[in-house]
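Peer 1: predicted coordinates and the sequence they were generated for:
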Amino acid sequence: MATDAVDLLTGLLTYYSPTGSEADAVDYLTQWMSAHGFTAQVDSVGNAIGSRGSGANEIILLGHIDTVPGEINVHTEGDALYGRGAVDAKGPLACFAAAVSWLPVIPPDWRVTVIGAVGEEGDSRGAHFLCSRPTPRYCIIGEPSSWDHLTLGYKGSAWVDVQVERTLSHSAAAPASASEAAVYFWNRMTEARAAWNTGRERQFDQLSASLRAMNSSTDGFTETARLRINFRLPQDMPPPHLQAWLTPLLGEGTLEVLDSVPCYRAEKNTALVRAGLAAIRAEGGKPGFLLKTGTSDMNLVGPAWGCPILAYGPGDSSLDHTPHEHIQISEYQKSVQILESMLGMLMA
C-alpha cells in the first residue's frame, strides 16, 4: 500500500495543473479514487470528489489540486520527490486519498469524503462553491504542516487598489505629483502600521503589507498614480476594519478593496485535534500547533461550516511556490499512516 500511495502522488504531479488548468489532474484523481473503492465524480465547478461510506456523519478532507505556475520536472533524488505541487498542495491531497483508501472499513454511520478543490491559488472558486454543502462532522484541510504538526489558523488577506489623481503641472511647480502623493500615502500607512503592531510579538497577530504593483499614467491634463497592496490580516482586523483604518491615511484619492477574506482560527479543544495529537504521538512524534501567516480554504469553509477543523499535511511550507519544490517520501508515507489512524479514532 505504501508503494501505491507514492505512485498516486507521483502520478498526480505529472499532471501540471496551474490555476485554471486543473481538468487533467482532476480526471486523474477521480479515476484513481474510483479504482480504489471510492464513489467519485467531478462537480459542476470542476472539483474532484470521492467518498467512501454512506452514513450521515461526514468527515471532509479538503485539499486543492491547482498549483501556482512554473512547471518542475517530476523526479526523485534519494528520498526527495520533486514536482510543482509536491508540497503545495498535491502532497497533502494525495495523502488524504491514500489514507482513506487504506481504511479497512467505514462504519455504517460514517462517510469520508476527499475533495481536490480547484482555484485555491486564485479566486478559490472551488471552496466558495463547497461552502453551500451540508456541514460535515469534521473537516481537515490539506496544507503542509510537516508530519508532526497541526495547523489551527490562517491570517486573512485583502487586496487593495489605491488611486491618486492630480492636475498635470510643470515639474518645477510646487504641488506634489500624483506619484509623490501615492508614495506619501505608502509611507504614512507604513508608519501607522508599525504603531498598530506595537506590542504584538507574534506575526500571526500583526498587520502586514506588501506593495505588489505600482504605475502612473497621464492623458495630458491629469496624471494618475496607482498602488496595489496585499494586506495580511490578524483576527482583530477584519476587512471592513482595514478599509476604515486606511481611509483617513489616504487623504485625496480613492481606495478599493478588490478581494478579501478574514482571518480564521479553529478551536483547539475538539475531538478532531485530540485524534490528531494521539495519532502523531503513536508514530513517535512530539506534536505541535501552527498558526500560518498565509491563507487557505480554511478561511472560507471554516466560518461557513462551523465544525471542528484543522489543517494537516506533509511537507515543508518554506518550499511552497519555489523552483525547487519537493517533498520527503518518508515524511509523506508517515503522514498517510498518521491520517489513517486519526480517521479511525474519529469513527471509533
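Peer 2: Received it, and whenever you're ready, just let me know what you need.
Peer 1: ok, which stretches of the stretch 201-348 of the chain are strands?
Peer 2: 208-218, 222-233, 254-261, 264-265, 288-292, 309-312, 326-328 (DSSP state E, counting those that start in this stretch).
Peer 1: now, of the ones you listed, which is deepest in the fold?
Peer 2: A comparison of those by mean neighbour count, using mean count of other Cβ atoms under 10 Å, puts strand 309-312 on top with a mean of 27. To be clear about C-beta, it is placed using only N, CA and C from the backbone, and glycine gets the same treatment.
Peer 1: which residues touch that strand?
Peer 2: 92, 138-143, 145, 150-152, 154, 266, 272-273, 276, 292, 296, 298, 301-302, 335, 339, 342 (Cβ atoms under 8 Å, 6 or more residues apart in numbering).
Peer 1: tell me the buried residues within these.
Peer 2: 92, 138-143, 145, 150-152, 154, 266, 272-273, 276, 292, 296, 298, 301-302, 335, 339, 342 (16 or more other Cβ atoms under 10 Å).
Peer 1: now do the strand or helix carrying Ile115, average pLDDT.
Peer 2: Using DSSP states H and E, Ile115 maps to strand 110-117. Strand 110-117 carries an average pLDDT of 98.
Peer 1: and Ile141, how far from Leu339?
Peer 2: In this view, Ile141 and Leu339 are 12 Å apart by Cβ to Cβ, to the nearest Å.
Peer 1: equivalent analysis for Val118, please.
Peer 2: Where Leu339 is concerned, Val118 sits at a distance of 22 Å (Cβ to Cβ).
Peer 1: my guess is Met33 meets Val42, correct?
Peer 2: No - applying Cβ atoms under 8 Å, one finds Met33 not in contact with Val42, separated by 10.8 Å.
Peer 1: touching both of those two, which residues are there?
Peer 2: By Cβ under 8 Å, 6+ apart, the residues touching both Met33 and Val42 are Ala48.
Peer 1: between the two, which has more neighbouring residues?
Peer 2: Using other Cβ atoms under 10 Å, the more surrounded residue of Met33 and Val42 is Met33, with 24 against 16.
Peer 1: ok, and the closest non-adjacent residue to the more buried one?
Peer 2: Using Cβ to Cβ, 6 or more residues apart in numbering and skipping the chain neighbours, the partner closest in space to Met33 is Gly50 (3.4 Å).
Peer 1: separation between the residue nearest the centre of the chain and Thr151?
Peer 2: Geometric centre of the chain, nearest residue: Ser296, 2.3 Å, by Cα atoms, centre = their mean. Per Cβ to Cβ, Ser296 is found 8 Å from Thr151.
Peer 1: which residues do those two both contact?
Peer 2: Counting by Cβ under 8 Å, 6+ apart, the shared contacts of Ser296 and Thr151 are 141, 143, 311.
Peer 1: do you know the pLDDT at the nearest residue to Ala5 once chain neighbours are set aside?
Peer 2: With Cβ to Cβ, 6+ apart as the criterion, Ala5 has its nearest non-adjacent residue at 3.7 Å, and that residue is Ala98. Ala98 is assigned 98 on the pLDDT scale.
Peer 1: same question, Pro175
Peer 2: In this prediction Pro175 is given a pLDDT of 69.
Peer 1: just Thr167 next, same as before
Peer 2: For Thr167, pLDDT reads 82.
Peer 1: surely it and Phe221 touch.
Peer 2: Yes - counting by Cβ under 8 Å, Phe221 is a contact partner of Thr167 at 7.0 Å.
Peer 1: got the contact list for Asp320?
Peer 2: Asp320 neighbours (Cβ under 8 Å, 6+ apart): 87-88, 144.
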